[in-house]
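Peer 1: Here is a sequence together with a model predicted from it:
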Amino acid sequence: SYIDKPIYTNITINNSKIETNGYHVGGVTGYGDCNYCKVNNTEIRGLYYVGGVVGHPRAAYQYGNEVRNSKIYGSSYYVGGVYGASTYIYDMFLIDSEVHGTTADTYAVGGISGYENGYGLMYRCGVINSTITNPGDRTGGIVGYSSADLSGCYTTSEVYCNSYGFVFEKTTGKKNIGNK
């Protein structure tokens, strides 16, 4: 789906299944903006830019979104529990959910976001009782690949990956939590 300029606010998606062989795939929108949106008991499958709420946002600032009891699958790149890719995101949560890269070529898989833009910030984000897996590269409990700053983010989740497991993987200053 594509939203030209509006921002969806206070949208809740329950008990849904979204599946495509395409890109820009999200529980609320594939390409657009959401604030204070919730996705519950939903399965989302796509190729790249796949997120529990938004696949690829248009605006820089996004806040207040939550994904619960859901499964997110992506087979190419930028796969995240809440966002496929993001820039500035605040107060985001993934709870009791699963995020999966599905092929050895899957790149950048994370609990909140697959990719966080280098000019951005992730602030007050949590990944709780969830599982993040990826047989490919760049996998993290919070974000798969980032050169942005993270502050006040945490995870109580499991990360299973081919090479390294990180709370986040940043181009500088990696915090390694080891392979599982």
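Peer 2: Right, received. Where do you want to start? Residues are numbered from 1 along each chain as shown.
Peer 1: what residue is smack in the middle of this protein?
Peer 2: Central residue of the chain (C-alpha atoms, centre = their mean): residue 80, 2.0 Å from the mean position.
Peer 1: who's in contact with that residue?
Peer 2: By C-beta atoms under 8 Å, 6 or more residues apart in numbering, the contact list for residue 80 reads 50-52, 72, 86, 99, 109-115, 143-144. For glycine as for every other residue, the C-beta is placed from the backbone atoms N, C-alpha and C.
Peer 1: and with 6 Å instead?
Peer 2: 51, 110, 112, 113, 114 (C-beta atoms under 6 Å, 6 or more residues apart in numbering).
Peer 1: Now that residue 81 has come up, it's in contact with residue 52, right?
Peer 2: Yes: at 5.1 Å, residue 81 counts as touching residue 52 under the criterion of C-beta atoms under 6 Å.
Peer 1: Spell out which residues are contacts of both of these two.
Peer 2: Joint contacts of residue 81 and residue 52 (C-beta under 6 Å, 6+ apart) are 67, 72.
Peer 1: residues in contact with stretch 100-118?
Peer 2: 73, 75, 77-87, 92, 94, 122, 125, 127, 132-148, 155.
Peer 1: Model confidence for the closest residue to residue 90 other than its chain neighbours, exactly?
Peer 2: Nearest residue to residue 90 in three dimensions, chain neighbours excluded: residue 63, at 4.1 Å (C-beta to C-beta, 6 or more residues apart in numbering). You'll see residue 63 listed with a pLDDT of 94.
Peer 1: and residue 63, how far is that from residue 103?
Peer 2: Residue 63 is 32 Å from residue 103, where distance means C-beta to C-beta, to the nearest Å.
Peer 1: do the same with residue 148
Peer 2: 26 Å.
Peer 1: Then residue 69?
Peer 2: From residue 69 over to residue 103 the distance is 25 Å, taken as C-beta to C-beta.
Peer 1: of these two, who's got more company?
Peer 2: residue 69 (15 against 12; other C-beta atoms under 10 Å).
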